[in-house]
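S.K.: Sequence and predicted structure are below.
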Amino acid sequence: MTGPTSQCRIDNTTRLRDFVGRKVETERAERRRRRQQQGLARSPGRFRAAAGDGDDRGRLAGLACMFSTSILLQILACALYNNWWPMLAALMYIIVPMPCLFFGDGSTRFLSSGEGGAWINAAKFLTGASAMGSLAIPAILRHAGLIETGAMFIEFTSFFILVCTVLCFHRATLEEEW
């Protein structure tokens, strides 16, 4: 099996591997150059994975921590005051992404585009209305005297962290494919 055809196959495989390796390095260098132009150069120390050369695991871990913190605050708002009415706002967290799934093809790209027909505009409206509902429910419950002021502010903080998580995810998906 060490004939000329097997040697040719090995040479072609090696050439292909070298070509792909050079292409990947070129793409990484291009991304690095774009980040430096935008002022997003590599950060020193342990945060290198989150801002590094395309390491999506760090970004994904950061988004997961932010989302988990939001849900933890949601539960704490209920548990600290021994009142589970604030969990009504958690229902809105489930409803918020539904228009994206049904009308936006599961992507958040349509939210920032100016184009679209009636269905896309309906999805934008429903997303905004359900997001405002997430803010309104704790305020209405506080006004009705069903929850404490502290629980309302914890709910607002939870919502703020959740919105930051969604915005970071949206920005990351616009930058490059994961």
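M.R.: Sure thing, it's come through. Numbers count the residues shown, from 1 in each chain.

S.K.: Where does pLDDT dip in this protein?
M.R.: For the chain, the stretches with pLDDT under 70 are 1-24, 38-55, 105-112, 175-178.

S.K.: now the helices: where do they sit in it?
M.R.: Taking DSSP state H as the criterion, the chain carries its helices at 4-37, 48-51, 56-79, 88-95, 98-103, 118-143, 149-175.

S.K.: can you redo those helices as a markdown table with mean neighbour count?
M.R.: Glycine gets a C-beta too; all of them are placed from N, C-alpha and C. What follows is the helices of the chain, written out as a markdown table (neighbours: other C-beta atoms under 10 Å):
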| stretch | mean neighbour count |
| --- | --- |
| helix 4-37 | 11 |
| helix 48-51 | 14 |
| helix 56-79 | 16 |
| helix 88-95 | 17 |
| helix 98-103 | 16 |
| helix 118-143 | 16 |
| helix 149-175 | 17 |
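
S.K.: wait, what's in contact with the closest residue to Ala139 other than its chain neighbours?
M.R.: Once flanking residues are discounted, Ala139 sits nearest to Met152: 6.7 Å by C-beta to C-beta, 6 or more residues apart in numbering. Taking C-beta atoms under 8 Å, 6 or more residues apart in numbering as the contact definition, Met152 lies against Ala77, Pro86, Pro138, Ala139, Leu141, Arg142.

S.K.: distance of the residue nearest to Asn83 when sequence neighbours are not counted from Thr26?
M.R.: Counting by C-beta to C-beta, 6+ apart, the nearest residue to Asn83 once its immediate chain neighbours are dropped is Ile147, at 5.7 Å. Distance, Ile147 to Thr26, by C-beta to C-beta, to the nearest Å: 56 Å.
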